[in-house]
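S.K.: Everything below, folded, please.
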Amino acid sequence: MAKRPATIIHVAEKARVSVKTVSRVLNNEPNVTPDLKERVLAAVEKLGYSPSKAARTMAGSRSYLLVAFNDRRLTLDNWRSERGNEWIDQMLYGAMLRCEQSGYHLMFELVDRESDQLEKQITAVLSSLQPDGVILTPPNCENPVVLAALKKRSIPFVRLNTPVKGQGPRVYMDDRAAARQATKHLLGLGHRRIGMIAGDYKFSSSILRVETFVATMEAAGQAVPDDWIYKGDFTFEAGVAGANALLDLALPPTAIMASNDQMALGVVSVAQARGLAVPGDLSILSYDDSIGVRLSVPSLTAVRQPVARMAEKAADMLIMASASGEKLTAGSQMLPFELMVRASTGPAPKAS
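M.R.: Model prediction:
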């Protein structure tokens, strides 16, 4: 006959403590003496006890787990290219630091926004893991299917870096102000023919950056033809394709602004292949400010997004709400960006 698995009652009896004390130790709650903790953990190991996440949640205990949902296609494309994605790295870094401080675990889950099984996928993850909260990165933070699945199960969540209001708590930077300052920086250097390589339009921030770029240019008296804007997808390859398309125009731009670092580095590679001096012939400006653009030659001017701090703040909001038992309010936390001016932007060529 198969041996029945140990229960929390067995652990309590073995350690000579109450069931409540076992629960407090397993949930890493404060004010447990080292002696009690040692006895409980020894009993857990001796009996091979494995508590069920679902059972802990049903009992009203915390799971001490946060889950971060990220876009499957973009993440895998970057990983398969072996170039990685520092936006994801910084997000995980910030969230993990905060989780570690409170004895929390962080799980990274990829979801396919294009799948007709998205709701089932989200529900399966939530049912299996029973997280205390979810961090939503773009564009999942704006996906009505994802948001509905979380609200249906009453799972607290925080949305990262979205300009969209009213769909739940968010931590973000002011993309409109950042795009305006970046455009004005290039205009201030005398550039008038400025091209832009936009990010995926399924990301609201991509659209906002383009709209602000166009509005800022027009406010300076410079119309923006449609072919000055290339629709990219945040990949290095899109940066290459966009740079070639813009530089092949009859009157090519003297400056190109890319909506993330991967695409900006693609522009750098095209400039080098064409023998263009940066910034003498072409100025390049980026978003994110990852280590790659800081170490590139020349180093790139970039809008520094506070990705790690945004993720750390999101994790903090979820952890504090879980600890207090209070409902997470649908407020907004805006963190500052910074335009890091480096060697890749300079005065427009005199002949332009």
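S.K.: Neighbours of Ala220, how many?
M.R.: Applying other Cβ atoms under 10 Å, we find 12 other residues in the vicinity of Ala220. From N, CA and C alone the C-beta is placed, and that goes for glycine too.
S.K.: again, but for the one 4 residues further on
M.R.: Per other Cβ under 10 Å, the neighbour tally for Val224 reads 18.
S.K.: In the chain, mark out all the strands, start to finish.
M.R.: 65-71, 105-111, 133-136, 157-160, 170-172, 194-198, 229-231, 255-258, 283-288, 301-304, 332-334, 338-340 (DSSP state E).
S.K.: per-residue confidence averaged over the second one?
M.R.: Along strand 105-111, the predicted confidence averages to a pLDDT of 91.
S.K.: Tell me which strands that strand pairs with, and in which orientation.
M.R.: strand 65-71 (parallel) (DSSP bridges).
S.K.: Glu119 against Ala149, yeah?
M.R.: Yes. Here Glu119 lies in contact with Ala149, judged by Cβ atoms under 8 Å, at a distance of 5.5 Å.
S.K.: In TSV, list the strands of the chain along with distance to Ala124 and mean neighbour count.
M.R.: Shown next, in TSV, are the strands of the chain (distance: least, Cβ to Cβ, whole Å; neighbours: other Cβ atoms under 10 Å):
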stretch	distance to Ala124	mean neighbour count
strand 65-71	12	23
strand 105-111	10	17
strand 133-136	14	28
strand 157-160	17	26
strand 170-172	25	24
strand 194-198	34	26
strand 229-231	33	18
strand 255-258	36	30
strand 283-288	32	28
strand 301-304	37	25
strand 332-334	30	13
strand 338-340	40	15
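S.K.: could you dump the ones you listed to a markdown table with distance to Glu38?
M.R.: Formatted as a markdown table, those follow (distance: least, Cβ to Cβ, whole Å):
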| stretch | distance to Glu38 |
| --- | --- |
| strand 65-71 | 24 |
| strand 105-111 | 22 |
| strand 133-136 | 30 |
| strand 157-160 | 36 |
| strand 170-172 | 39 |
| strand 194-198 | 57 |
| strand 229-231 | 60 |
| strand 255-258 | 55 |
| strand 283-288 | 46 |
| strand 301-304 | 46 |
| strand 332-334 | 40 |
| strand 338-340 | 48 |
